[in-house]
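*Asks:* sharing a sequence plus its predicted fold:
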Amino acid sequence: MIPKRIVPLDRRTFLKGSAALGLSSITPVASQAENVDRRPSYKGPNVILVRFGGGVRRQETIASDETHSPFLKKVFAPQGVLFPRMEIADAPGVETNHGHGTLYLLTGRYDKYEDVSGKFLGSRFEAQVPTLFEALRKQYDLPPHRAIIVNGEDRTDEEFYAFSNHHLFGVHFRSTVLSLYRYKLHVLRSDLAQGRYSGEEAIQKRDQLRKLEAVDHRARDAEPTTPELDAFWESWTSYFGRTGLVNPRGDRLLAELGVWAMRTLQPALMMVNFNDPDYVHWGIASHYTRGISIVDSALRRLWEEAERLPAYRGNTVFVVVPDCGRDTNPFVAVPFQHHFNAHHIFAAIAGPGIDRGRIVDRTVQQADVAATIAAIMGFPMPFADGGSLEEAFG
Amino acid sequence: MSTVMDQSPGIPLATNASQPRKPLIRPIPRKLSFLLTVSIGILLSASPWTAILVVGWTFRLMRRRIFFGWWNERNSDEHVPLDAQSVRFDDQFPVATLPRWVVSERVIESLGRRTPDDSPPTRLRRIARLPRELTGALRSNLRWGIMAFLCTLILTYPACVLWLGSWYDGWNNSFTKGYENAFVGLQAGLFAHLLFVLAMLYVPMAWGHLAASGQIRSVFQFGILARLIWSSGWSVSVYALIFSMATLPVLALRSAPFAFVLGDPDAWADAEPEEVLRVLSQYQLAAGIYLFPAFVLLHLLIARIYRSALRKSLKQNPRLIHRLPHSIRATLFEYRLIPEDPPRRGPALRMVRWSARSTSSLFALLTASILWFIVIGQIYVGQFLNYLPWAGWLNQPLIHLPCLQVIPRSLG
């Protein structure tokens, strides 16, 4: 059961929080630091945000009896609240893309984003308003390893959505990222520190590490790692080795990382950026349906792990929502090949404190998800445009 | 359908070349006949099954153009029309400016052809001949279409099938993150590109040779065709450039359905399959307005290049004539187009000429190869925008069958 003191925030509380946060922007930096030091520790419910990416339609997930995600539709959704008519706003500048959708989920705003490196079709975006992780960690004394993004290897740009450029938040309140990229960084760092290489090989490896680190240019001021994270990767490498060829792959890897994180790092807020269904861009329709099945299995695995682990049992809310939808184009052989104009998505929320077996038949917004998670965890999202999905709370 | 309508007025028919016969049916105006013929071509380009007739028709037209070109260059003072001559080559040679689609080009004279004992045919014999003559052009178009398509298939399908396999395997491997085998799809794809470029340096000239000879085996006269390609110089590059430009509208046409619902994604979400099929069928038909003329013009262009290249090669090496298929050899003899042995020049001059020609031909081929890569790029971009599971790899509309094939299989 959810602890009584963790009551979802109502709008009034949000407004108060917003006002307080707004005022804090004009107070001296020193007092901010003092406020940070006086933060309470977080004792609320854990939230696992499952990004049912990359881009899925309602038809193959929640709307049809012949669903490719049977766990989501037949087990998970009936235990919580389903929002089958969630939309990504159809407005100028709002894109139905993975990077955009992820940031809409994390910030609660439909901001316009452009790749900061100017790369064609790049999605190296930088949020201008705080993400869920920053807001959570600013409100509570929560170490970085308890706010986690688990990211895939296909969309490395999304590794760097861990914090915004907002002057009151930023890198010091960022989330920790678990991914193959971070794994490679850890292996290189530890190998070089332990003198595993010598001569020309050591120079090459150092150069390789420098290049990998340079990708995360905004995090230069921050500590590259933490003891908890190092311990996590040490444990991972001692089991799966250092080649990267033994661990599970694709979205199964994300599930594995998520489960390992729950067992060792025990994140209070964890976002898992699944992405396999997006392979359908290359035209092979079965990659889409297969990808959905893989994400569905991963969701079940995370759910079962949450039921098994004492730190999560009865104290974890799952929020499942796609980053974007997919096109429904009857004029092409693969109607869902792309997501140029794919605003129709859904959301399912289940866990303690969440209503059960409810289907909310009204149009809601993807930007509402951030405020809803903030309400569940009890921190303000002052810059989010979306409101909390009140129906979730019964 | 095309009947006697597209018969050229003023060109005497063959049997009695000196006594032009008055046509039994009054021919329709030439412009109308042309429009009718082109309209039928566009209609036939709407389906891969009928597009085979377009291929056959195009090759028959190429055949006529090649011979017509040589006939114009002939060394003779005779004033005999081409069609009076051509009847001696074979009875599939189109006598009209544009070949017909269904009815034989020589239907009237064939019906009135004298019997082996040189007596005029009886009424009963004329009636018995009627079905065959009424479908003569259709059978020719089909026969030529199958022949040309098969030859193109044999030469280009190693690349096309490898594309299909490498794309499928490559992305399947990527989906399952088979890092250890990542090279397979990629390298197979690159090898397919190489095969395609090699094929397309060869295939167009082989089309010309096939059209002129009418024999499948001529397509595989690799030595002769390599010599023709080499001696055609920059023409192959110009052809590749024009071809790669001509495939741009094909890329737009095959990709466009992906954008049909972008404006209002919900407008067609609940459409009945019959309605979608109707729209796509009309679209595919409309695409023929570009595909048919583009297919024909590209083939006529290579026919022209082939015609010149063969004569150029013969000038350089008259002994080549003995290796040519009979129909070509006989025609060139008849038109007295076999050059004398070229005068022998000094070794230094020969060396200079050979070096200059070889360098130019080499650069021309390299340029053409790069330009064929542009065609490959268009195929890949098209597949990314609107994936056509089989046809996208196995039918390139300006190379194989001039049909778009964008109707999803699920719609029928």
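*Replies:* Right, received. Where do you want to start?

*Asks:* so who does residue 259 touch?
*Replies:* You didn't say which chain, so I picked chain A. Neighbouring residues of A:V259 by CB atoms under 8 Å, 6 or more residues apart in numbering or on different chains: A:301-302, A:305. All C-beta spots, glycine's among them, are computed from the backbone N, C-alpha and C.

*Asks:* was after chain B, sorry
*Replies:* For B:A259, the contacting residues are A:F340, by CB under 8 Å, 6+ apart.

*Asks:* I'd like the distance between it and B:L277.
*Replies:* B:A259 is 19 Å from B:L277, where distance means CB to CB, to the nearest Å.

*Asks:* what does A:T363 give?
*Replies:* Counting by CB to CB, the gap from A:T363 to B:L277 is 32 Å.

*Asks:* where in the chain is pLDDT low?
*Replies:* Unless you meant another one, I'm taking chain A. Along chain A, segments meeting pLDDT under 70 span A:1-37, A:220-221.

*Asks:* let's do chain B instead
*Replies:* Residues of chain B that meet the cut-off, pLDDT under 70, sit at B:1-27, B:76-97, B:412.

*Asks:* 80 instead?
*Replies:* Chain B contains residues with pLDDT under 80 at B:1-28, B:30, B:75-97, B:106-107, B:109-110, B:340-345, B:412.

*Asks:* around chain A, pick out the residues from it.
*Replies:* Contact residues (CB under 8 Å from any CB of the partner chain) of chain B with chain A: B:167-168, B:171-172, B:174-180, B:257-262, B:265, B:268-269, B:271, B:273, B:276, B:279-280, B:383-384, B:386-389, B:392, B:406, B:408-410.

*Asks:* of those residues, grab the buried ones for ChimeraX.
*Replies:* Listed next is the ChimeraX selection for buried residues among the residues of chain B next to chain A, using 16 or more other CB atoms under 10 Å in any protein chain shown:
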select /B:167,168,171,172,174,175,176,177,257,258,259,260,261,265,268,276,279,280,383,384,386,387,388,389,392,406,408
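
*Asks:* circling back to that earlier point, most neighbours among the contacts of A:V259, please name it.
*Replies:* Most neighbours among those, by other CB atoms under 10 Å in any protein chain shown: A:L302, with 25 neighbours.

*Asks:* what sits against whatever residue of the stretch 51-200 of chain B ends up closest to chain A?
*Replies:* Using CB to the nearest CB, the closest approach of the stretch 51-200 of chain B to chain A is made by B:K177 at 3.4 Å. Shown in contact with B:K177 (CB under 8 Å, 6+ apart): A:153, A:249-250, A:253.

*Asks:* next one: A:M271
*Replies:* Applying CB under 8 Å, 6+ apart to A:M271 gives the contacts A:48-51, A:105-106, A:132, A:148-150, A:175.

*Asks:* so it, which state does it fall into?
*Replies:* Under DSSP: H, G, I helix; E, B strand; the rest coil, A:M271 falls in the strand class.

*Asks:* roughly how far does it sit from A:R356?
*Replies:* To A:R356, A:M271 is 24 Å away according to CB to CB.

*Asks:* which residues does the most centrally placed residue in chain A bridge with?
*Replies:* Nearest to the geometric centre of chain A sits A:M271, at 2.8 Å (CA atoms, centre = their mean). Taking DSSP bridges as the rule, A:M271 bridges to A:L49, A:I149.

*Asks:* follow-up on the earlier one: of the contacts of A:M271, which is the nearest to chain B?
*Replies:* A:V150 (15.7 Å).

*Asks:* now the residue nearest to the spatial centre of chain B. Its backbone dihedrals?
*Replies:* Central residue of chain B (CA atoms, centre = their mean): B:H299, 4.5 Å from the mean position. With angles defined as degrees, to the nearest 10, B:H299 shows backbone torsions of phi -70, psi -40.

*Asks:* residues contacting it?
*Replies:* B:58-59, B:61-62, B:207, B:211.

*Asks:* what do you get for B:S47?
*Replies:* Applying CB under 8 Å, 6+ apart to B:S47 gives the contacts B:284, B:403.

*Asks:* on that earlier part again, how much space is there between the residue nearest to the centre of chain A and chain B?
*Replies:* Between A:M271 and chain B the distance, using CB to the nearest CB, to the nearest Å, works out to 21 Å.

*Asks:* not counting its neighbours along the chain, what's nearest the residue of chain B found nearest chain A?
*Replies:* Of all residues in chain B, B:Y387 sits closest to chain A, at 2.7 Å by CB to the nearest CB. Take B:Y387 and drop its neighbours on the chain: the residue closest to it by CB to CB, 6 or more residues apart in numbering or on different chains is A:G283, 2.7 Å away.

*Asks:* tell me if I'm right that the one you found and B:P389 touch.
*Replies:* Yes: here A:G283 reaches B:P389: they are 7.0 Å apart, a contact under CB atoms under 8 Å.

*Asks:* contacting residues around the closest residue to A:S69 other than its chain neighbours?
*Replies:* Counting by CB to CB, 6+ apart, A:D296 is the residue found nearest to A:S69 once chain neighbours are left out, at 3.7 Å. Shown in contact with A:D296 (CB under 8 Å, 6+ apart): A:68-72.

*Asks:* do that again at 6 Å, thanks
*Replies:* A:69, A:71-72 (CB atoms under 6 Å, 6 or more residues apart in numbering or on different chains).

*Asks:* same thing with A:D115?
*Replies:* Per CB under 6 Å, 6+ apart, neighbours of A:D115: A:122, A:124.

*Asks:* quick check: it vs A:D157, distance?
*Replies:* 8 Å.
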